[in-house]
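# pasting a predicted model and its sequence here:
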Amino acid sequence: MLELAILGFLAEGPLPGHELRRRVSHLTGYTRTVSDGSLYPAINRLSKAGLLERRADPRAGVARYVLSLTEAGRAEMLERLRKPADREITDFTRFHTVLSFLSQLPDVAEQHAVLRRRLAFLEEPASFFYDGDQPLRAEEVTDPYRRGLLLTARATSRAERTWLREVLGEEPPENS
């Protein structure tokens, strides 16, 4: 997801490395901090793959670079947005990264296909806690902290499903 965030932010325009790091940190930092030890190797991998280019920034002095997306980088970003891996649909933080750049896809039908995958995932019964194969609902859990976790997750999921249906122009199911 770090690579998608890098490609996505550079699709908006060239950036110096420190500004790219700031933007990526703001996007993911509250859940997964971005260190120089992960960001700069990712930039180097993308650069070696021809997905971005690094040019000296004459305004910033020695050892300062501006990063920009190549056409191959734009194509790679669009492909990652069109066909996110299953874990990028099911993982909350990963999906937020996809969602942050989904408007880069020029075809609304492709955007909606990704949103429909997320909605289908959210509509499947799930829980953090199970009794055998049966997902436990908040009302079935006595531990107050686990119950709180389940209630919060339910509210978040309900809000996201409502928003997804609104964007997709779909009516909510009768039993919701």
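Perfect, thanks for sending it.
# I'd say Leu7 and Leu51 touch.
Yes. Counting by C-beta atoms under 8 Å, Leu7 does reach Leu51; the two are 6.7 Å apart. C-beta coordinates here come from the backbone N, C-alpha and C atoms, glycine included.
# shared neighbours of those two, which are they?
Leu69, Gly73, Glu76 (C-beta atoms under 8 Å, 6 or more residues apart in numbering).
# which residues touch stretch 117-126?
Contacts for stretch 117-126 (C-beta under 8 Å, 6+ apart): Pro84, Ile89, Thr90, Phe95, Pro135, Ser157, Glu160, Arg161, Leu164, Arg165, Leu168.
# try 6 Å
Stretch 117-126 is contacted from outside by Ile89, Thr90, Pro135, Ser157, Arg161, Leu164, using C-beta atoms under 6 Å, 6 or more residues apart in numbering.
# could you chop this protein up by domain?
2-80, 100-168 (automatic domain parsing).
# tell me which of the ones you listed sits most buried.
domain 2-80 (a mean of 16; mean count of other C-beta atoms under 10 Å).
# what's in contact with the lengthiest helix in the chain?
Longest helix of the chain, by residue count under DSSP state H: helix 144-168. Residues from elsewhere that reach helix 144-168, judged by C-beta under 6 Å, 6+ apart: His112, Leu115, Leu119, Leu122, Ala138, Val141, Pro172.
# from Leu27, how far out is the nearest residue to Ala56 once chain neighbours are set aside?
Nearest residue to Ala56, sequence neighbours excluded (C-beta to C-beta, 6 or more residues apart in numbering): Tyr65, at 6.1 Å. Shown here: Tyr65 relative to Leu27, a distance of 21 Å by C-beta to C-beta, to the nearest Å.
# tell me the SS of the residue nearest the centre of the chain?
For the chain, the residue nearest the mean C-alpha position is Thr97 (1.7 Å; C-alpha atoms, centre = their mean). Under DSSP: H, G, I helix; E, B strand; the rest coil, the three-state class of Thr97 is helix.
# same check on Phe128?
coil.
# tell me the spacing between it and Thr152.
Distance from Phe128 to Thr152, by C-beta to C-beta: 11 Å.
# which stretches of the chain have low pLDDT?
29-32, 60-63, 175-176 (pLDDT under 70).
# which stretches of the chain form helices?
2-11, 17-28, 36-48, 71-82, 86-90, 92-101, 108-123, 144-168.
# report the angle between the first one and helix 92-101.
In this case it means helix 2-11. Angle of helix 2-11 versus helix 92-101, following axes from the mean of the first three to the mean of the last three C-alpha atoms, to 10 degrees, is 20 degrees.
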